[in-house]
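**Student:** Take this sequence and fold it.
(2 chains)
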Amino acid sequence: MTSLPLKSSYKKPHKAGIGRFFVLAALLIVLLVVLLPFAIVIINAFKTPEDYATYGPLSWPTEWSIAGIVEFWQRVDYSQKLLNSLLISASVAVIGVLLSLLNAFALGIGRIKGRIWLLILFMVANTLPQESLVYPLYYLSKEFDLYNTRFVVILIFSVIQSAFGTYLLSSVFSTFPKEMLEAAMLDGCNKLQLLFKIIVPVSRPTLAVLFTFFFIWTWNEFFLPLILLISNDRQTVPIAVGVLQGQRNMEATLSSASALLGILPCFIFFLIFQRTLTKGIAAGSVK
Amino acid sequence: MLLKRSTNRGYWWFLLPGLILFVLVIAIPFLMNIGTSFTHWQGVGTPKWAGLDNYARLFRDSTFWASFRNNLAMLVAMTIVPTLLGLLLAAVLYDYIGNKFGSGTASFFRAAFYLPQILPVAIAGVVWAWILHPNYGALNGFLEALGLDNLTRNWLGNRQTALPSVMVIMVWFQLGYPLVIFMAGLQRIDPEIYEAAVLDGADWFDRFRYITVHLIRPEIFVVLLTTTIASLKVFGQIYVLTRGGPGSSTLVPSYFAYQNFFEKANIGYGSAISTVMTMIIIGLTIFFIRRQSAEEL
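**Tutor:** Numbers count the residues shown, from 1 in each chain, chains lettered A, B, ... in the order given. A predicted model of the protein is given here:
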């Protein structure tokens, strides 16, 4: 052993061979199939309807036109949809993380009585199908005059997401070093200070992952927002795009433009959050 | 010791907001839904007690059973196929591409395969509904360009092709999820195990069977559990792609419940469907978790 091998990627003696390029080529073909729908959406979103009618869906645009995108944007008032989605997702992420934090503080650090049962409760809630809650939520929100408000959607998703967050954070907190907690208590910290001065700063990476998850999950939600938000000016991006799909008088290029506008924000989030996300998926997979 | 006795009490207060909201938003609606499943109710007026009528009807309803069978097809398309393909791809990327072309190439493939996962399910549905559209869709256009006109069809509007089409879309959508989790799992395996296996003369497939699959069992468990549950809940794609049709050829229980709630105003029956699905999901969760803790012991 003259030099230490890299721990992350194991190496074995290279056999000079052409075979590896066949494997690579096969993978590239699979990749092409996976990415093809994205490519088709992009090229057709920038075509004019005439161009599409003449050359079909697979040709390169004869000229890049944003007419379809502009038309879809105006038809559904896309700026408003983006704003609604942003407002709802960001609020849910903040409130959901806060609720998870408070719950997990009591369960993971405080180790209150009955915490096992409470954890099971949160876990079961996390697996409930939304159709088992949808009608009562619809009915109750009407009774309380909250139907068709962004507020009720924020409230509901904050609680639903925090069920997962509580579960995850509690198990993270239960491994929190005891010495640190005791030292803080001996220094005269009260519980609020303990939570916000000691625990929050230390577990910031986990909180960031939770925030990212909650934001993206809420952004992607379809079922409950579809039921609870009926007026156009309160709907979210997936609802606007998904519902318009049902209308039969859509032009192909317009349909493609709507798909592109639906994809674009997610792609931007993906680029922004990629680091936290990959870390988070890895963290969530083992326990 | 000190901490335990003197300060453990005040923690309940921190649980209060979360617990109150949990009761309001999840517990009460959940119990209400079970309650209405024992009634006949149009959504207005007072629900009429019906005992087990809705459940008896459910048991005899061929539409429900059709939706349930389609759910099994979703299980194949969202759990079984992506898990198997994901395992194979993860192993190829880690134990082959990673070696021969560097880990950068492997990461690139991982990110690209993950891309469909970032889409909201409804948007993914819109992308495919458009590609498969009978008149102006890209797939039929592609087949015509190749001169294969007789292969073109109304993919989502045809009883024979609707379900398989939806299944292919689901595989496309799901594949990145197991792949990313499995590759993360492979990171924690000591590379020396592979090196030792190579020295012992193990070929790629031996290493795949005896090392890769064996050592990332916890990840496989997580993927099986989460995707099985997801497949039982699938709604958005069906809503956007086919609305359960044609006939009931792509109907799934969540969409069937939705129809009963909001199109047919059969609240009692809709509640019964969703209660049955909930019980199945909770049962599966318990089963998986028991198996997992049994394996860890």
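**Student:** show me the residues around residue B:249 that make contact.
**Tutor:** Neighbouring residues of residue B:249 by Cβ atoms under 8 Å, 6 or more residues apart in numbering or on different chains: B:66, B:70, B:159, B:162, B:163, B:242. Using the backbone N, CA and C atoms, a C-beta is placed for each residue, glycine as well.
**Student:** Compile these into TSV and extend it with columns for pLDDT and neighbour count.
**Tutor:** Compiled in TSV, the contacts of residue B:249 are given as follows (pLDDT from 0 to 100; neighbours: other Cβ atoms under 10 Å in any protein chain shown):
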residue	pLDDT	neighbour count
B:66	93	18
B:70	94	25
B:159	89	12
B:162	93	23
B:163	94	20
B:242	89	23
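**Student:** between these, which is nearest chain A?
**Tutor:** Distances from chain A to the contacts of residue B:249, taken as Cβ to the nearest Cβ, are shortest for residue B:242 (11.0 Å).
**Student:** quick one: which of the contacts of residue B:249 sit in helices?
**Tutor:** Among those, the ones falling in helices (DSSP state H) are B:66, B:70, B:159, B:162, B:163.
**Student:** any weak-confidence spans in the stretch 151-297 of chain B?
**Tutor:** B:295-297 (pLDDT under 70).
**Student:** residue in it nearest to chain A?
**Tutor:** residue B:191 (2.8 Å).
**Student:** how many neighbours does residue 167 have?
**Tutor:** Picked chain A for this. Around residue A:167 there are 20 other residues, counting by other Cβ atoms under 10 Å in any protein chain shown.
**Student:** wrong one, chain B
**Tutor:** Residue B:167 has 18 nearby residues by other Cβ under 10 Å.
**Student:** Pull the contacting residues for it.
**Tutor:** Contacts of residue B:167 by Cβ under 8 Å, 6+ apart are B:73, B:74, B:76, B:77.
**Student:** same check, this time on residue B:88
**Tutor:** residue B:208 are the contacts of residue B:88 under Cβ under 8 Å, 6+ apart.
**Student:** how much space between it and chain A?
**Tutor:** In this view, residue B:88 and chain A are 11 Å apart by Cβ to the nearest Cβ, to the nearest Å.
**Student:** ok, that residue to residue B:175 distance?
**Tutor:** 11 Å (Cβ to Cβ, to the nearest Å).
**Student:** what's the answer for residue B:103, then?
**Tutor:** Counting by Cβ to Cβ, the gap from residue B:103 to residue B:175 is 20 Å.
**Student:** The two: which has the busier surroundings?
**Tutor:** More crowded of residue B:103 and residue B:175, by other Cβ under 10 Å: residue B:175, with 23 against 16.
**Student:** Checking my notes, residue B:273 in a helix, right?
**Tutor:** Yes: under the criterion used here (DSSP: H, G, I helix; E, B strand; the rest coil), residue B:273 sits inside a helix.
**Student:** Which positions within the helix or strand encompassing residue A:120 qualify as buried?
**Tutor:** Taking DSSP states H and E as the definition, one finds residue A:120 inside helix A:115-127. Under the neighbour-count criterion of 16 or more other Cβ atoms under 10 Å in any protein chain shown, helix A:115-127 has A:115, A:118, A:119, A:121, A:122, A:123, A:124, A:125, A:126, A:127 buried.
**Student:** give me the number of residues near residue B:158?
**Tutor:** Residue B:158 has 15 neighbouring residues, counting by other Cβ under 10 Å.
**Student:** Sorry, slip of the keys, the one I care about is residue A:201.
**Tutor:** Residue A:201, neighbours per other Cβ under 10 Å, totals 9.
**Student:** name the element it belongs to?
**Tutor:** In the assignment (DSSP H and E), residue A:201 maps to helix A:200-202.
**Student:** Need the contact partners of the very next helix or strand once past that helix.
**Tutor:** The C-terminal neighbour of helix A:200-202 among helices and strands, as given by DSSP H and E, is helix A:204-220. Outside helix A:204-220, the residues within contact range by Cβ under 8 Å, 6+ apart are A:85, A:88-90, A:92-94, A:96-97, A:100-101, A:157, A:161, A:164-165, A:168-169, A:172, A:200, A:236-238, A:265-266, A:269, A:273, A:276-277, A:279-280, A:283-284, B:118-121.
**Student:** Kindly recompute the last result at 6 Å.
**Tutor:** Helix A:204-220 has contacts (Cβ atoms under 6 Å, 6 or more residues apart in numbering or on different chains) with A:85, A:89, A:92-93, A:96-97, A:157, A:161, A:165, A:172, A:273, A:276, A:280, B:120.
**Student:** So for residue A:228, what's the pLDDT?
**Tutor:** Looking at residue A:228, its pLDDT reads 94.
**Student:** Chain B versus that one, what's the distance?
**Tutor:** 12 Å.
**Student:** ok, that residue - how many residues close by?
**Tutor:** 23.
**Student:** Tell me, what's the model's pLDDT at the closest residue to it other than its chain neighbours?
**Tutor:** Using Cβ to Cβ, 6 or more residues apart in numbering or on different chains and skipping residues adjacent in sequence, the residue nearest residue A:228 is residue A:153, 5.5 Å away. Here the pLDDT value assigned to residue A:153 is 96.
**Student:** for residue B:264, helix, strand, or coil?
**Tutor:** On the basis of three-state DSSP, residue B:264 is classed as coil.
**Student:** okay, now it: neighbour count?
**Tutor:** 11.
**Student:** Chain B contacts on the stretch 51-200 of chain A?
**Tutor:** Contact residues, the stretch 51-200 of chain A versus chain B (Cβ under 6 Å from any Cβ of the partner chain): A:56-58, A:99, A:102-103, A:105-106, A:110, A:112, A:124-125, A:127, A:129, A:131-133, A:135-137, A:156, A:159, A:182, A:185, A:191.
**Student:** how about a cut-off of 7 Å?
**Tutor:** The stretch 51-200 of chain A has residues A:56-58, A:99, A:102-103, A:105-106, A:110, A:112, A:124-125, A:127-129, A:131-137, A:140, A:155-156, A:159, A:162, A:166, A:181-182, A:185, A:191 near chain B, with proximity defined as Cβ under 7 Å from any Cβ of the partner chain.
**Student:** Which of those residues are buried? Put it as a PyMOL command.
**Tutor:** Selection of buried members from these for PyMOL, criterion 16+ other Cβ under 10 Å:
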select buried, chain A and resi 56+57+99+102+103+105+106+110+112+124+125+127+128+129+131+132+133+134+135+136+137+140+155+156+159+162+166+181+185+191
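**Student:** Does the closest residue to residue A:194 other than its chain neighbours lie in a helix or a strand, and which?
**Tutor:** Spatial nearest neighbour of residue A:194, excluding adjacent residues (Cβ to Cβ, 6+ apart): residue A:184 at 5.4 Å. According to DSSP H and E, residue A:184 maps onto helix A:178-186.
**Student:** avg pLDDT for that helix?
**Tutor:** Helix A:178-186 comes out at a mean pLDDT of 85.
**Student:** Dump the buried residues of helix A:115-127 into CSV; add pLDDT as well.
**Tutor:** Formatted as CSV, the buried residues of helix A:115-127 follow (pLDDT from 0 to 100):
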residue, pLDDT
A:115, 85
A:118, 89
A:119, 88
A:121, 89
A:122, 89
A:123, 86
A:124, 87
A:125, 88
A:126, 85
A:127, 87
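**Student:** All set now, cheers.
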